[in-house]
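J.: Build me a model from this:
(2 chains)
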2 protein chains.
Amino acid sequence: MTTPEARNPPLRAVVLLSGGVDSATTLAIARAAGFAPHALTFRYGQRHAAEVEAARRVARALGAADHVVLDVDLRRFGGSALTADIPVPKDRAATEIGQGIPVTYVPARNTIFLAFALGWAEVLGSQDVFIGANVLDYSGYPDCRPEYLAAFERMADLATKAGVEGRQRLTIHAPLLKLTKREIVERGAALGVDYALTLSCYDPSPAGEACGRCDACQLRLKGFAQAGLADPARYQVAVRGA
Amino acid sequence: MTTPEARNPPLRAVVLLSGGVDSATTLAIARAAGFAPHALTFRYGQRHAAEVEAARRVARALGAADHVVLDVDLRRFGGSALTADIPVPKDRAATEIGQGIPVTYVPARNTIFLAFALGWAEVLGSQDVFIGANVLDYSGYPDCRPEYLAAFERMADLATKAGVEGRQRLTIHAPLLKLTKREIVERGAALGVDYALTLSCYDPSPAGEACGRCDACQLRLKGFAQAGLADPARYQVAVRGA
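T.: Presented below is the predicted three-dimensional model:
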């Protein structure tokens, strides 16, 4: 990773921020590395739109230099439990999570998000994009894998004016890629992330309380439990670890 | 190019449709090749939003199987004469157009558009995306070049559930890539495209009349003139060729 700590003003980076544990931790890592983080959040028609409010809280608390929330209506395409009238799976066994690609996969979501990040980075004169992608304690999405991220970088350098003119050579930073959820939580806690501000649940109540039963809640609870920390999220039901 | 003519029902393709000459011709080519074209248009904050109405007319006239118009507000990033308060260049010499990348370049625009097309294609069970990219009579945008499109294809096959499961191997069709504007107009005319429905201008009047002076107008007028056809577009001023 580039370490731009000595730079003044600091180098700018675009940080994809959903409002969950992983992206909040990623934002804290980008800031600790000396970047001026420009947070980018999408209201894409997800059923868990409360995460957009979580993203606003996180961006403010962690000192993002700027925060843009973009509306892109992925419900127009459907095809996912997060954007269409398909139930979110609950209470899946730990051995099931990450095996195969679940119905919460949103077609091309990270490609769409990274494409916008690339555009904003070019306007900002930035060469660095951060994403909280992770391949260990994750839901099995194809667009979180290192080979995908590397292919996106190669494409990006051919896509932009800054790339063609040699002023941009995009680096996609995925600092959580090979961390367990436990390690992610520990890392964020050490950086002072207040996880009470975050929301991970795919299917929260209208008041923003987590279900405690979807894959995202289960992975989160497991991470906090293994780290020996209490999960400060608000749950609709009593859950072990919270 | 795949020739799915014998298929019943026809194979679906996503066609990026801006409402200009190139994308209208591309839609006609996709249809003539036997695809069921699903047209995709973006209202992205462009100053020439009248082109969205042109896209609706074109999609209807050329028999698109479906047409989705998505709102994505690229003004939030700025950085282009098409999305920010930067004047559109007028009356540039023919020798200047295509030399260097002009201020009408919109950062990562084709990457953003293709990312959405990829997502919709996956939901549709389609492996084919059409784009009217062109490297001869064009404005010099990096994200129109064949090496860029090839890199996007490679990234796409790693991005999606359908790709990972072997059900999708995305082909980006750019049938105009190496045609001159003259050849594009001739091809479309032969396929019955009514170019009176299209709008190419970057800076049209509120009534949708073309300026006749921006790069897009100049390239269009040159194409019609060289093809020996009258350009049926409505111009604000008397222009040669119209």
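J.: quick check, the longest helix belonging to chain A touching chain B?
T.: Criterion DSSP state H: the longest helix present in chain A is helix A:109-124. Yes: Helix A:109-124 reaches chain B (C-beta under 8 Å from any C-beta of the partner chain) through A:109-112, A:114-116, A:118-120, A:122-123. No exception for glycine: its C-beta is placed from N, CA and C like everyone else's.
J.: just how off-centre is that helix within its chain?
T.: Centroid separation for helix A:109-124 versus its chain: 14 Å, with C-alpha atoms, centre = their mean, to the nearest Å.
J.: mind checking how far the next helix or strand after that helix is from the chain centre?
T.: The first helix or strand that comes after helix A:109-124 along the chain, using DSSP states H and E, is strand A:128-130. Its chain's average C-alpha position is 12 Å from that of strand A:128-130, according to C-alpha atoms, centre = their mean.
J.: what helix or strand is the residue nearest to A:R187 when sequence neighbours are not counted on?
T.: Of all residues not flanking A:R187 in the chain, A:T25 sits nearest, at 6.0 Å (C-beta to C-beta, 6 or more residues apart in numbering or on different chains). When secondary structure is defined using DSSP H and E, the element that contains A:T25 is helix A:21-32.
J.: Show me what that helix is packed against.
T.: Packing partners of helix A:21-32 (3 or more C-beta pairs under 8 Å, 6 or more residues apart in numbering or on different chains; DSSP states H and E): strand A:12-16, strand A:36-43, helix A:50-61, strand A:128-130, helix A:181-190.
J.: which other residues reach it?
T.: A:13, A:15-17, A:37, A:39, A:55, A:58-59, A:62-64, A:128, A:130-134, A:173, A:175-176, A:181, A:184-185, A:187-188, A:191-193, A:195, A:197-198, A:200, A:220, A:223 (C-beta atoms under 8 Å, 6 or more residues apart in numbering or on different chains).
J.: Give the rounded mean pLDDT of it.
T.: Averaging pLDDT along helix A:21-32 gives 97.
J.: buried residues in that helix?
T.: Within helix A:21-32, the residues scored as buried using 16 or more other C-beta atoms under 10 Å in any protein chain shown are A:21-31.
J.: Equivalent analysis for stretch A:197-208, please.
T.: Residues A:197-204, A:208 are the ones in stretch A:197-208 that count as buried (16+ other C-beta under 10 Å).
J.: Check which helices and strands the worst-scoring helix or strand of chain A on mean pLDDT sits against.
T.: Using mean pLDDT, DSSP states H and E, helix A:161-164 stands out as the lowest-scoring helix or strand of chain A, at a mean of 82. Where contact means 3+ C-beta pairs under 8 Å, 6+ apart, helix A:161-164 is packed against helix A:146-159.
J.: which residues does the closest residue to A:S126 other than its chain neighbours contact?
T.: Computed as C-beta to C-beta, 6+ apart, the closest residue to A:S126 that is not its neighbour in sequence is A:R12, at 4.2 Å. For A:R12, the contact set (C-beta under 8 Å, 6+ apart) comprises A:35-36, A:38, A:65, A:121, A:124-126, A:128.
J.: Check A:Q99 too.
T.: A:G140.
J.: Am I right that it is in a helix?
T.: No: under the criterion used here (DSSP: H, G, I helix; E, B strand; the rest coil), A:Q99 is coil, not part of a helix.
J.: From A:N134, how far out is it?
T.: Taking C-beta to C-beta, to the nearest Å as the measure, A:Q99 falls 16 Å from A:N134.
J.: Spatially central residue for chain A, please.
T.: What sits nearest the mean C-alpha location of chain A, by C-alpha atoms, centre = their mean, is A:S23, with 3.6 Å.
J.: just to revisit the earlier point, mind checking how far the helix holding A:T25 is from the chain centre?
T.: Centre-to-centre, helix A:21-32 and its host chain are 9 Å apart (C-alpha atoms, centre = their mean).
J.: export it as PDB, just CAs?
T.: Included here for helix A:21-32 are C-alpha records, laid out as PDB according to Å, rounded to 0.1, in the frame of the first residue of the first chain:
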ATOM      1  CA  VAL A  21     -18.500  -3.100   9.700                       C
ATOM      2  CA  ASP A  22     -16.200  -3.700   6.800                       C
ATOM      3  CA  SER A  23     -16.500  -0.400   5.000                       C
ATOM      4  CA  ALA A  24     -16.300   1.600   8.300                       C
ATOM      5  CA  THR A  25     -13.100  -0.300   9.100                       C
ATOM      6  CA  THR A  26     -11.700   0.300   5.600                       C
ATOM      7  CA  LEU A  27     -12.400   4.100   5.900                       C
ATOM      8  CA  ALA A  28     -10.500   4.100   9.300                       C
ATOM      9  CA  ILE A  29      -7.600   2.300   7.600                       C
ATOM     10  CA  ALA A  30      -7.500   4.700   4.700                       C
ATOM     11  CA  ARG A  31      -7.400   7.600   7.100                       C
ATOM     12  CA  ALA A  32      -4.800   6.000   9.300                       C
END
